[in-house]
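Trainee: Predicted model and sequence below, questions to follow.
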Amino acid sequence: MHPTNLSIGVDIGGTKILAALVDEDGKVYGQIHRETPNHDVARTERTLAEMIRELSEDNDQMPVGIGAAGWMDRQGKNVLFSPHLSWRNEPVRDRLMKLVGHEVTLVNDADAAGWAEHRFGAGRGESDMVCLTLGTGIGGAVILGGQIHRGKSGIAGEFGHQVIVPGGHRCACGNRGCWEQYASGNALGREGAELVRSKSPVAFRLREAVGDNPDAVTGADVTRLAANGDPACKDLIEDMGGWLGLGIANLASVLDPGTIVIGGGLGSASKQLVETAEETYRRSLSGRGYRPFAKICQAELGPAAGLIGAADLARFNQQQ
């Protein structure tokens, strides 16, 4: 038997959609998942509707929060752009409300995860925080005065595209030297591939793990071997932690948060990465010695953070 005051949270990933019932304390019940039909708008929305109906059992009073990668307008009605889906300036919220009859709140997935950590996770009790999500790239959320800061256009938090190395590695956004080209899962995989490609004897464990095929190296491979003590992979994590800490110092200089939470697949997997980032941040922060340092910690809620935050925001909106 489920508790009362539930809402439905949905997190749309590039390959998988997660959904669950979430109570007012952030506890998750009855999680389900489906493959993401990412190149078919209508099929994606039908899949979402089916999952919502399954969880709600025809109780259309449950608010629904949906987190997805991309840019939403400030009203949370339209998806302006989503990198993993075929949504381009689509009125997703209204179409879903017609399909399922529930009130729907549409939010950016990183904002949803950041809100969950603020309310129930590593940032609880902190009014001013930054949440970084390290995965393929770098996303994140800004909480100021206990509220999500989305900017005038609704697309604040694209941390990964601050240019940190002018003229550096080409980024998919079209610029060169973006932060996520130096401090993300893709960046770690690229550096590991270069080490394998060089035939370096120090990389023998990594070469063995990927069959001496540099194209097979992923950031997860490097992270796993580093955690198991491989010196070459630990060096790669150390290098990446330096880049991560430098970018964090930039953010802290602008936003002055009390807490910086590092999550996402990569941030949650590597304690060494977070520790190295903190060391670099403390060496790089402007005015160090005359101002307090932010607390830097790993996220606590794992892969469910996005759906927890989306569900909580939906409940909050319904109560307004």
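Mentor: That came through fine.
Trainee: For the rest of this, base every contact and every neighbour count on C-alpha atoms.
Mentor: Fine.
Trainee: Now do the strands in the stretch 201-320 of the chain.
Mentor: 259-263, 295-298 (DSSP state E, counting those that start in this stretch).
Trainee: Can I get the first one in PDB? Just the C-alpha atoms.
Mentor: Taking Å, rounded to 0.1, in the frame of the first residue of the first chain, the C-alpha atoms of strand 259-263 are listed here in PDB:
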ATOM      1  CA  THR A 259      27.700  23.900  -1.400                       C
ATOM      2  CA  ILE A 260      28.800  22.400  -4.700                       C
ATOM      3  CA  VAL A 261      27.300  18.900  -5.300                       C
ATOM      4  CA  ILE A 262      29.000  16.700  -7.900                       C
ATOM      5  CA  GLY A 263      26.800  14.000  -9.400                       C
END
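Trainee: just checking, Glu194 is part of a helix?
Mentor: Yes - assessed by DSSP: H, G, I helix; E, B strand; the rest coil, Glu194 belongs to a helix.
Trainee: ok, it touching Pro214?
Mentor: Yes - the criterion here is C-alpha atoms under 8 Å, and Glu194 meets it with Pro214 at 7.0 Å.
Trainee: May I have the predicted confidence score for Ser2?
Mentor: Actually, residue 2 is His. It isn't Ser. His2 carries a pLDDT value of 63.
Trainee: try Gln320
Mentor: pLDDT at Gln320 comes out at 66.
Trainee: Identify the bridge partners of Thr259.
Mentor: Beta-bridge pairing of Thr259 under DSSP bridges involves Met129, Lys295.
Trainee: didn't it look like it was pressed against Arg124?
Mentor: No - Thr259 is beyond contact range of Arg124, at 9.7 Å (criterion: C-alpha under 8 Å).
Trainee: can you list the weak-confidence ranges in the protein?
Mentor: 1-2, 38, 320 (pLDDT under 70).
Trainee: Would you check that Cys233 makes contact with Gly219?
Mentor: No - between Cys233 and Gly219 there is no contact, the gap being 10.0 Å when judged by C-alpha under 8 Å.
Trainee: Need the overlap of contacts for the two.
Mentor: Here Cys233 and Gly219 share the contacting residues Gly192, scored by C-alpha atoms under 8 Å, 6 or more residues apart in numbering.
Trainee: one step back: which one of the strands of the stretch 201-320 of the chain lies nearest to Gly189?
Mentor: strand 259-263 (17.8 Å; C-alpha to C-alpha).
Trainee: What does Glu103 show for phi and psi?
Mentor: phi -70, psi 130 (degrees, to the nearest 10).
Trainee: ditto for the one 3 residues further on
Mentor: Main-chain dihedrals, Leu106, degrees, to the nearest 10: phi -110, psi 120.
Trainee: what sits against it?
Mentor: Gly65, Ile66, Gly67, Ala68, Met72, Gly76, Lys77, Arg93, Ala310.
Trainee: Most neighbours among those residues, which one?
Mentor: Ala310 (35 neighbours; other C-alpha atoms under 10 Å).
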